[in-house]
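Q: Fold the following.
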Amino acid sequence: MSLLFLPSSLCLFPSPFLNHPNLQSYDLSFYFSISIVVTASVKQRHRTKVKNTKQVLACANQNQFTQTITPKNKRSNAFIWRETIRDYVKNGLWEKALRLYYQMQRAGIEPDKLVYIYVINSCSSLSDLQAGMKIHEDIIASGFESDVFVGTALASMYAKCGSLDSARQVFERMPERNVVSWTAIIGGYLKHGYPHEALAFFNKMQVQGIQPNAITIINVIGACTDLLALEQGKQIHGYTIRSRLESNIVVSTGLVDFYTKCGNVKIAYKLFERMPEKNVVSWTAIIAGYAQNDMPHESLAIFSEMQVQGIKPNSFTIGSVLPACADFFALEHGKQIHCYAIRNGFESEVVVSTGLVDMYTKCGNVNIAHKLFERMPKQNVVSWTAIIAGYSQNGRPHEALSFFNEMQVRGIKPNSITIVSVLPACADLLALEQGKQIHGYAIRNGFDSDVVVVNGLINMYAKCGNINIAHKLFEKMPERDVVSWNAIIAAYSQNGCPHEALAFFSEMQTQGIKPNPYTMISVLPICVHLLVLEKGKQIHSYAIRREFVSHVVIVNGLVNMYAKCGNVNIAYKVFERMPQRDVVSWNAMIMAYGIHGHGEDALALLSQMQQTGAKPDHVTFTAILTACCHAGLVDQGWQYFECMKLDYGLAPKLEHYACLVDLLGRAGHLAEAYDIIKKMPLEPDVNVWGALLGACRIHCNIELAEEAAKHLFQLEPDHAGYYVLLSNIYAEAQRWEDVVKLRIMMKERGVKKPPGCSTVVVNREVHAFIAGDRTHPQSEKIYAMLETLYGQIKKAGYVPDTNLVLQDVEEETKENILCSHSEKLAITFGIINTKPCTPIHIMKNLRVCTDCHNATKFISKIVGREIIVRDGNRFHHFKDGLCSCRDYW
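A: I've put the predicted structure just below:
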């Protein structure tokens, strides 16, 4: 059965590929007209009138039609009226067809059912419901409503104009219904977003014994696609095979589209491969399918193969392949496709220009995207959303909000996707008030029931620090998807509530929601924050079972988690087993070696990275300079600082200068470090001056310390750490008057020193201690054990460094103060509550002091334990009386 041209009133298929121009070349007009045949004798009778008809049509175009037909030949010329109306409809001149119909009525010529079908189709094409209803009244008066073809045209018209109740009433009043009638009502419900009802009519159609045709199947496949009803779609597919409709190019293309949207790309590709004939729409469907399923490489490969096969891409193909370029960051491919679009005149089409804007922004080239957007002849809500999302995703939230405001000024109404795109800009700017206004807009327009919008709102409120509203939004959601759970987990994690975040992670699984890779990305940093290595290992096992370890970003997170939980060896094993690595993978492992003091290993890994052809970026050099800093590799650090400029063309950023100052300062080259600061092309920030102040603390350089502190007090007047560092430097130099002045300054400015806090995890519970803490339930045991340990390590050679107690008190008091430092309390608690020989993991919020560092070395030897301490700067692995930092930190 060959497909002919279906009138526009019945073209109700929702899938984008069905709107393609190539599909409109199929002539399906026989559905309404072929059954009312002009017989051979009638044709012969009117053959002599063809010349007259052409003349009449010419006159009609000049609005002289009624003058051409005289009263005595009106009835005999009904054929000419009908054929002229038909020609208008066929050529898309629907308004003229309706005007001619009204002239025909005024001329006293009675329309036949074909005329009614033509003018009803014109109303459908114009979406003119009022005109359609008026003609419907004429049809009722003429008695043609019961005709199956007229009734079908009416049902289709009402459906296309959005009056589904009227369409259903016409359909149900029809004494006889054929496959076209059923297809019209099914397509109508589908077109207006009622796929459930469309499938219900399809089931009724089968119950009544009406066999679906190709057009019916296309509509039903569209309904299954909208519902992601994979099983029901498979049954329809089975029917197409049995009825030999699968070979129909439009049906098979619809099935390809259905399977890709249901996430089953393998079946889609097999179906595509065995298609006896493929057109541009078929190729576009499979290209779009791969792009939509996060398989950009395959999408681009098929796009190339399509051209090799001699199939010329059209604007829909271009619009489908551009997201693949964006997801694959294939800017050069995208530029080539852009050139193709220009050469073929596609750039001005909204779908193509919007796709180009999206591609350029996702590839980081927002300026070109902006120029494209500005020269678009027509901008719709999708275009505005693309440019807003582009600025938001590229760290330019001010511009994103500016475009959002301009969009509304120009009368373009934001949709739910626009709201989702602009909310991250509010989050980045901490623009809570504007975020609340957008929330209000979402409520007024009914978007607050949209899961994606609520997820975006949770994220916005969380990043703006309003965790309570974020929680309330989550609790009120009638339906939550995995993204909702990810959002609330990230919300609590980002707001310093790691325990609550882990509780939500557990609750998520209890409720049967399976974590996805993004969940893993959110939870792994929590393990780092709490130093809960066992929980991290459980998540690693889960990732292996769910085959998430094929995701590079997940494995990068695991490398980072193991490294920051103190186990750099496992981190390297995970890194070594990666089937593929990106620059983030290399950076994570180099930084892991750096913070653990394995400078030489970090340098060796960089050489290995370069040999594989991976190109170091700014983060790579930050990691390398950090490694050199913690290992005291001054010459190598200088070399790599110069290398990033000369060999890789990377201009050093503030973080690189901070690392270099830290490297030189720690090694005692304070004058050289200060010279770097004075000559650097960027304005030094708190990290640069902070590195110099920290170095002055190590080497007791008061003059440079005061210079650094002066800048720090201007840049961050509320940061207590800088005051404390300078106060300690003064105290060590016995400059007590300056210490008092600093304390007065802190009091006047309302600056409070944060207490040193050390935590240890025992039996999956975090225990926190501050200096001199006696609030813990096991305080008596802790202090008793600590007194015993102190006696043992003193016998082994430990001497308390009382110079670190910057108070004018007796030596014995100074020793007691040192003895009750938070890390000593945490270590002692760990010894009491863990099995012998097991490692003890301690996390401290500040840099470990010299006395605690020395004492911990002795304790590790006395108790035969490995003690791993993560302080504010790096890791210290204490074992057998030694530290991995080699006393250089």
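
Q: contacts, neighbours, all on C-alpha from now
A: OK.

Q: Gln235: neighbour count?
A: Gln235 is flanked by 11 other residues according to other Cα atoms under 10 Å.

Q: tell me the secondary structure for it?
A: Under the three-state scheme (DSSP: H, G, I helix; E, B strand; the rest coil), Gln235 adopts helix.

Q: Numbering from 57 from now on, please.
A: Fine by me, first position is 57 from now on; the one you just mentioned is Gln291.

Q: Which helix or strand lies directly C-terminal to the helix ranked longest in the chain?
A: When the chain is parsed with DSSP state H, its longest helix is helix 835-851. Once the chain leaves helix 835-851, the next helix or strand it forms, by DSSP states H and E, is helix 867-875.

Q: list the helices and strands whichever helix or strand comes after that following helix packs on?
A: Remark: after helix 867-875, the chain's next helix or strand is helix 878-889, criterion DSSP H and E. If you count contacts as 3 or more Cα pairs under 8 Å, 6 or more residues apart in numbering; DSSP states H and E, helix 878-889 packs onto strand 813-818, strand 821-826, helix 835-851, strand 896-900, helix 906-919.

Q: now helix 878-889, how far from the chain's geometric center?
A: Here helix 878-889 is found 43 Å from its chain centre; the criterion is Cα atoms, centre = their mean, to the nearest Å.

Q: angle of that helix against helix 835-851?
A: If you take axes from the mean of the first three to the mean of the last three Cα atoms, to 10 degrees, helix 878-889 sits at 100 degrees to helix 835-851.

Q: May I see the buried residues of helix 878-889?
A: Using 16 or more other Cα atoms under 10 Å as the test for burial, helix 878-889 gives 878-887.

Q: Quick one: those residues as a markdown table, columns for distance to Val675 and pLDDT too.
A: A markdown table is the format used below for the buried residues of helix 878-889 (distance: Cα to Cα, whole Å; pLDDT from 0 to 100):
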| residue | distance to Val675 | pLDDT |
| --- | --- | --- |
| Ser878 | 33 | 93 |
| Glu879 | 31 | 94 |
| Lys880 | 35 | 95 |
| Leu881 | 36 | 96 |
| Ala882 | 34 | 96 |
| Ile883 | 34 | 96 |
| Thr884 | 38 | 96 |
| Phe885 | 38 | 96 |
| Gly886 | 36 | 96 |
| Ile887 | 38 | 96 |
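
Q: can you tell me which of the residues you listed lies nearest to Asn572?
A: Nearest to Asn572 out of these is Gly886 (Cα to Cα; 34.6 Å).

Q: Leu156 is in what secondary structure piece?
A: helix 150-162.

Q: Apologies, that question was intended for Val925.
A: According to DSSP H and E, Val925 maps onto strand 923-926.

Q: coming back round to it: report the mean confidence score over the helix holding Leu156.
A: Per-residue pLDDT values over helix 150-162 give a mean of 93.

Q: if we can go back for a sec, let me know which of the helices and strands packed on helix 878-889 is tucked in deepest.
A: strand 896-900 (a mean of 24; mean count of other Cα atoms under 10 Å).

Q: which helices and strands does it pack with?
A: For strand 896-900, the elements it packs on are strand 813-818, helix 878-889, strand 923-926, judged by 3+ Cα pairs under 8 Å, 6+ apart.

Q: can those go into CSV with extra columns for distance to His767?
A: Formatted as CSV, the helices and strands packed on strand 896-900 follow (distance: least, Cα to Cα, whole Å):
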stretch, distance to His767
strand 813-818, 28
helix 878-889, 31
strand 923-926, 29
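
Q: Nearest to His725, out of those?
A: Among the helices and strands packed on strand 896-900, the nearest to His725 by Cα to Cα is strand 923-926 (26.3 Å).

Q: Next, the contact list for Ile577, please.
A: Going by Cα atoms under 8 Å, 6 or more residues apart in numbering, Ile577 touches 609-610, 613.

Q: Run the angle between the longest helix of the chain and helix 906-919 for me.
A: Using the same axes, to 10 degrees, the inter-axis angle of helix 835-851 relative to helix 906-919 is 90 degrees.

Q: what's helix 835-851 packed up against?
A: Here helix 835-851 touches helix 878-889, helix 906-919, going by 3+ Cα pairs under 8 Å, 6+ apart.

Q: Need these in TSV (columns: distance to Tyr325).
A: Formatted as TSV, the helices and strands packed on helix 835-851 follow (distance: least, Cα to Cα, whole Å):
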stretch	distance to Tyr325
helix 878-889	58
helix 906-919	61
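
Q: shaky segments in the protein?
A: Applying pLDDT under 70 to the chain picks out residues 57-132, 862-865.

Q: Other residues contacting stretch 516-527?
A: Residues outside stretch 516-527 that contact it (Cα under 8 Å, 6+ apart) are 479-480, 482-484, 486-488, 491, 513-515, 544, 547-548, 550-551.

Q: which ones among the residues you listed are found in helices?
A: Taking DSSP H, the ones among the contacts of stretch 516-527 that sit in helices are 479-480, 482-484, 488, 491, 513-515, 544, 547-548, 550.

Q: quick one: which of those is nearest Tyr730?
A: Taking Cα to Cα as the measure, Asp484 is the one of the ones in helices among the contacts of stretch 516-527 closest to Tyr730, at 33.9 Å.

Q: so how far is Gly491 from the closest one?
A: Remark: distance between Asp484 and Gly491 (Cα to Cα, to the nearest Å) = 11 Å.
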